[in-house]
Structure formats: C-alpha cells, structure tokens
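Participant: Got a sequence here, can you build the structure:
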Amino acid sequence: MTNRKSQIIELTLKNIQEKGFTSFSYDHLAKELGVTKASIHYHFEKKGDLGVAVCERIQHGLEGAYTFIKESSMPAVEKPFAFILRRVQFLEQDGVCPISALQADYQELSPSMQEKIQELSQMEIDVFVVLLKEAKQHGALKSTNEEDLASLAMLLISSTKGALQYKRVLGEDFFRKTLEQLKELLK
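Facilitator: Model prediction:
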C-alpha cells in the first residue's frame, strides 16, 4: 500500500472516530493532508471505496489484537479483559470505537460498506466469545453454555462502547469505573 493511501485511510479512521463517516468529505481530507481532492480520488474513486478500505484496516487491527492476546503468555482468565484494553488503547483521547461510529451511520452507507460493517460487528463478537470460552475452560466465569458466552460477549462489548461515549461527556473517571465493573463480571 502506498504511503499516501495509508495516510488517507488513517486520517479517515481518525475522522470516523471523532465525527462519524458521513460528517467529512474528500475536500476535508484533502485540506488536512495538504493535497488535492484528485489525489484522494486517485486512490479511492468513491467515498464508499474509502470506507471499505477503512473497514479492512479495522479488521486487520481486530485480527492483530486478537492474535496478540491469544498468543500471549498471560493466564486465559485475563485475556478477555486484556483484549478490551488493547482495543481501547488505540483510540484518540475522546474517540469512540470506529466500528460503533460506522454502525451509527449504517443506514446512510453503501451496501458494500454495510456488508463490511456487518462482518466486522460479527467478527468482534466471535473473537470475544473464543476468548471467553478459553477463560471458562480455565475456571473463570459462571456461564454454562455457548449461548450464555455469546450474550456475555455482547454485553461486554456494548458496555465498553457505551462507556466510551459517556467518557466524552462525563470524563475518564466514568470510563475507568465502568471498566472496573466489567472486569468484575469476568471473574
């Protein structure tokens, strides 16, 4: 991938976390990068093409975080919470999860982006379920079946993402307290 193309994707990702996908334009990106709109169109003909590329970038980040945590030597019971922390550490100070931001704009997005967001959303849950299963096998969690683990994964993911939204308004302490409660759920 060319350096300019990577810059465009990374800047778009930042904009998505701060404002959402529908709230910026190629003109906005061009001004921030100090290039022409034509330069952006050269790499991504349509905004939907750029959105798909961003989704692929998010997917690689999700896969990387999962692989890092899965292969780490930390105890299995710590891995689900470590996964949450790893994903959160890459966000801007008041940024929200880029998957959540894209979900908020879902109805206005192209069908190809909608499909990618559905895949990312399901992948995030599936990855978390695998980590929860492993933790359960090592004596953590009271859930007894796979359906309960999927529900717990959904609860933990949506709680974390909601806490990121609240953090923008109520501050870091709100987020820290929420994470402490989530950690208690994983015991």
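
Participant: how deep is residue 103 tucked in, by neighbour count?
Facilitator: Residues within reach of residue 103, counting by other Cβ atoms under 10 Å, total 17. C-betas here are computed from N, CA, C, even on glycine.

Participant: I figured it was touching residue 120, is that so?
Facilitator: No: judged on Cβ atoms under 8 Å, residue 103 makes no contact with residue 120 at a distance of 9.0 Å.

Participant: Can you work out which residues contact both of the two?
Facilitator: Counting by Cβ atoms under 8 Å, 6 or more residues apart in numbering, no residue touches both residue 103 and residue 120.

Participant: any idea which helix is longest in the protein?
Facilitator: Among the segments of the chain that qualify as a helix by DSSP state H, the longest is helix 111-137.

Participant: Of all the residues in that helix, which ones are buried?
Facilitator: Across helix 111-137, burial judged by 16 or more other Cβ atoms under 10 Å covers 113-114, 116-117, 120-121, 123-124, 127-136.

Participant: repeat for stretch 68-75
Facilitator: residue 69.

Participant: mind checking the end-to-end distance for that stretch?
Facilitator: In stretch 68-75, first residue to last residue: 13 Å (Cα to Cα, to the nearest Å).

Participant: Which residue ranges of the protein form helices?
Facilitator: Going by DSSP H, the chain shows helices at 3-19, 26-33, 37-43, 47-71, 79-88, 98-104, 111-137, 146-170, 172-185.

Participant: could these be laid out in CSV, adding mean pLDDT?
Facilitator: Below are the helices of the chain laid out as CSV (pLDDT from 0 to 100):
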stretch, mean pLDDT
helix 3-19, 93
helix 26-33, 95
helix 37-43, 95
helix 47-71, 95
helix 79-88, 91
helix 98-104, 93
helix 111-137, 94
helix 146-170, 90
helix 172-185, 91
